[in-house]
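Peer 1: my questions concern the predicted model and sequence given below.
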Amino acid sequence: VTLIFERADGSRTSTEARIGGSVMEAAVLGGIPAIEGECGGCLSCATCHVVAPEGLREVGDDEDAMLEGTVVARRPGSRLACQIPVTAELSGAVFCIPEEP
Ligand code: FES
């Protein structure tokens, strides 16, 4: 499925994501800037911070705690991309990359 990542300046990059993988994995493979996924998806680095579209904004407890430590301050809709599984329904979803203005 195709996922879209939008930067603070409004520019968009789309990348192919594998169903069953994570949004973080797709972003890293797609070379999306500022999404590093340093810990490989084990919920311990918070370098996979994205702002998720409506409907994908529910966070788990551990994720909630990690979101307090992101480089760019947490916003409404902030998620850790490694905790978002890629499903067919995500096709065309737009994830915003949190960047300082
Ligand atoms: Fe480390 Fe998501 S990749 S918390």
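Peer 2: The structure has been received and is ready for your questions. Residues are numbered from 1 along each chain as shown.
Peer 1: how about the helices of the protein, start to end?
Peer 2: The residue ranges that make up the helices of the chain, judged by DSSP state H, are 23-29, 61-66.
Peer 1: can you tell which of those helices is closest to the ligand?
Peer 2: Taking C-beta to the nearest ligand atom as the criterion, helix 23-29 is the member of the helices of the chain that comes nearest to the ligand, at 5.0 Å. Where C-beta positions appear, they are placed from N, C-alpha and C, glycine not excepted.
Peer 1: returning to what we had before: buried deepest among the helices of the chain, which one?
Peer 2: Using mean count of other C-beta atoms under 10 Å, the stretch among the helices of the chain with the largest mean neighbour count is helix 23-29, at a mean of 23.
Peer 1: hang on, the earlier thing: got a markdown table for the helices of the chain, with distance to residue 88 and mean pLDDT too?
Peer 2: A markdown table is the format used below for those (distance: least, C-beta to C-beta, whole Å; pLDDT from 0 to 100):
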| stretch | distance to residue 88 | mean pLDDT |
| --- | --- | --- |
| helix 23-29 | 14 | 98 |
| helix 61-66 | 23 | 97 |
